[in-house]
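Q: Turn this into a model:
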Amino acid sequence: MFTPSRISLLSFACLLACAGAQAAPASHASQGMSGHVANAGPLPGVAAATYYERRALEPAFAAAYRRFPAIPAGTLEAVAYARSRWRNLQPDPNDTLHGPPVYGPMGLYAGQGGFEDQVGTAAAALGVPTRRVMREPALNVLASAWLIDRALRAQPAGPAAAVEIERLAPALMASAGFRGEGEVQAYARASYAFDVLHALDTGVNDNGVRVPERAVRWERAFAPKTLIALRAPMVRLDVARDRIETADYAIDVRDETLKPRASLRQDGGDDAVAAQADVGIQSTDYGPALWVASPYHSARSAAVSAVTLHTMQGYYAGSISWFQNNPYSVSAHYLIRSSDGQVTQMVRDSRAAHHVGSHNGYTIGIEHEGFIAESSWYTTAMYNASAALTRHMCAVHGIDCRTTYNGSGHTGLYLLPTSVKIKGHQHFSNQTHTDPGIHWDWRRYYSLLNPGGGGGSTSLDDFEAGLGHFNTSPTYSGSTVGIATTSTAARVCDTGSKQGSCRLRLSLVDNTATTANWAVRLLSGSGSPAANVKLTKAGGHLGFWVYPAATGVSVAVSVDDSDGTERSVAKALPANAWTWVEWRLDDGAQWDPWAGGDGIITSTTAATLDAIWFYRANANGATVAVAVDDVRLTIK
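A: Next up, the predicted model:
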């Protein structure tokens, strides 16, 4: 497995001295998406060593930008986030199943397993020993910057004094480190570029990781067919009438992705399916998944009767490349991305993937992006997307979801009986790999696969352990109008929360360039229905606590349904007070049609939370603070 190597005290001191950084802890913690956060420090329950290890990288980023000024600000931070979550990765040479060894906070390859020798090439160019680039974070960052700068200089236009963020896409693809040609490798490179740009587009401020939020104009970064294949968000466009029309494509406001114009037909007829198939990569086994073929599979020895959960020990795009071209013929059926829960299928369900040795013949293998030593990879979006996929496997293959392991996570191997059908790689016999490891929350996963019935209350987001579903800024949705891009959302932990210690705090800044009234769509799951938890219609009440620090604010919610998106009636809020608001999912009087919806939540079990909406008359330049706490589904 990969283990983060702590920066030495000497290196830490040198980095701080060279950049004049301050590493003192602050009085309280705030975690947000935009980077506009004051007094940030380690959040409750987070190891301070991890926090300050990450913060010590900031001088290294600053030094690399000074040496390579053509690289846009935030790029290196986003690359480090996409490839390591800002941890100094040092590989276990015995781990050959999941991917090639990667090194340092920038996750650089060293030439093994069909990947480029990024470490050696950059080390030679910088005039330093290869081993130092592998182990020293500051040199690792500089090496990655050299690779990106080289790719920028190779572009036809050459490097500009300040490269616009969208020009990064081809440079990122060129510096991904994947060898080989063909459509699959091209897709893997594009997926890697998307991962980095997505981190910039949403921004990150998470336990010492700081990626500045920079709006990405996706239509300038990728061709339309690539955007559709990646299901990249187009939400940064100014969406007039909730949709941008082009010659061949249009924005689907429901999930804010680009689609062929024909596929947006309301009747969903055969023409729509054909148009989507012409330009997209679509799984035929599991609808929400993309399809990218791996050559490594074999005939099944028995019917599918179990599901195996893995951690990639790498990142999503790299694993797509690895499972398409590796010297060990390893593969998995499905891969799940951390940031938004995107699912890619690489082996058909009817074939055996090569992922768990002698148990390949009867199992489905699901790989989750990340490293077992770092818990931050296991996001709410990933858990929800993985659980939805496994529930599908239970339904299709007759597996009882109640046979899922429902105990604590483990380090090392921990053999479970064959009666436990849904479990980790480390739980099978005759294994050497210990994923998904100590940080995978099996009890949470069990509850997602087996939601309680007959009453009860389920917390969707309490903000105690993280941002949960609400991990984008208030202006991330193209359907938001009236507020400025300087508006922010942050997780705040102090005595001002309604429940527990933490809450979501919004700072809504009026857009003085328009007199439009406010309509703020605070997306759940980055706008992806697959990244959200299922809502139960019968007797289901969706509610939360909300606190506006101004008059005139009202609130609503929208729900993705089987036939579109429905939006609730709005509720007016008193100023400067916590108010509990909720809507009953099976009461048609509480819902109106919005994006393709009919005003009624028709799905009994497949509806998901789309967004929380805030409304206010034009604020004439004012800024309004709003807090949200304890988003909850209650069955009454």
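Q: ok, Ser487 - contacts?
A: Applying CB atoms under 8 Å, 6 or more residues apart in numbering to Ser487 gives the contacts 473-475, 506-509, 520. Just so you know, the C-beta spots here come from the backbone N, C-alpha and C atoms, and that holds for glycine as well.
Q: now those residues in a markdown table, with distance to Thr488 and secondary structure?
A: Listed next are those as a markdown table, based on distance: CB to CB, whole Å; DSSP: H, G, I helix; E, B strand; the rest coil:
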| residue | distance to Thr488 | secondary structure |
| --- | --- | --- |
| Ser473 | 6 | coil |
| Pro474 | 7 | coil |
| Thr475 | 9 | coil |
| Leu506 | 7 | strand |
| Ser507 | 5 | strand |
| Leu508 | 9 | strand |
| Val509 | 8 | strand |
| Val520 | 12 | strand |
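Q: Now list the buried members of those.
A: Buried by 16 or more other CB atoms under 10 Å: 473-475, 506-509, 520, out of these.
Q: Can you add distance to Gly599 and pLDDT and give those back as TSV?
A: Output for the buried ones among the contacts of Ser487, formatted as TSV (distance: CB to CB, whole Å; pLDDT from 0 to 100):
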residue	distance to Gly599	pLDDT
Ser473	29	89
Pro474	26	92
Thr475	27	89
Leu506	28	96
Ser507	33	96
Leu508	28	97
Val509	32	96
Val520	22	96
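Q: Quick check: of the residues you listed, which lies closest to Glu53?
A: Ser473 (26.3 Å; CB to CB).
Q: I'd like the distance between that closest one and Ser507.
A: 10 Å (CB to CB, to the nearest Å).
Q: what residues do these two have in common as contacts?
A: Taking CB under 8 Å, 6+ apart as the criterion, Ser473 and Ser507 both touch 487-489.
Q: Mark which of these are part of strands, please.
A: 488-489 (DSSP state E).
Q: any chance of the shared contacts of Ser473 and Ser507 in JSON lines, plus pLDDT and distance to Trp545?
A: Output for the shared contacts of Ser473 and Ser507, formatted as JSON lines (pLDDT from 0 to 100; distance: CB to CB, whole Å):
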{"residue": "Ser487", "pLDDT": "93", "distance to Trp545": "21"}
{"residue": "Thr488", "pLDDT": "90", "distance to Trp545": "20"}
{"residue": "Ala489", "pLDDT": "91", "distance to Trp545": "16"}
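Q: List just the nearest of the shared contacts of Ser473 and Ser507 to Ile148.
A: Distances from Ile148 to the shared contacts of Ser473 and Ser507, taken as CB to CB, are shortest for Thr488 (27.9 Å).
Q: Please report how far that closest one lies from Asp629.
A: Distance, Thr488 to Asp629, by CB to CB: 17 Å.
Q: And Pro288, by the same measure?
A: Pro288 is 30 Å from Asp629, by CB to CB.
Q: ok, the two, which is more surrounded?
A: Neighbour totals were compared for Pro288 and Asp629, and Asp629 leads with 24 against 19 (other CB atoms under 10 Å).
Q: for that one, which residues make a bridge with it?
A: Trp545 (DSSP bridges).
Q: List the contacts of it.
A: For Asp629, the contacting residues are 462-463, 497-500, 503-504, 544-547, 578, by CB under 8 Å, 6+ apart.
Q: at 7 Å instead, please
A: Asp629 is in contact with 463, 497-499, 503, 544-545, counting by CB atoms under 7 Å, 6 or more residues apart in numbering.
Q: just Ser338 next, same as before
A: Ser338 is in contact with 369-370, 377, 379, 382, counting by CB under 7 Å, 6+ apart.
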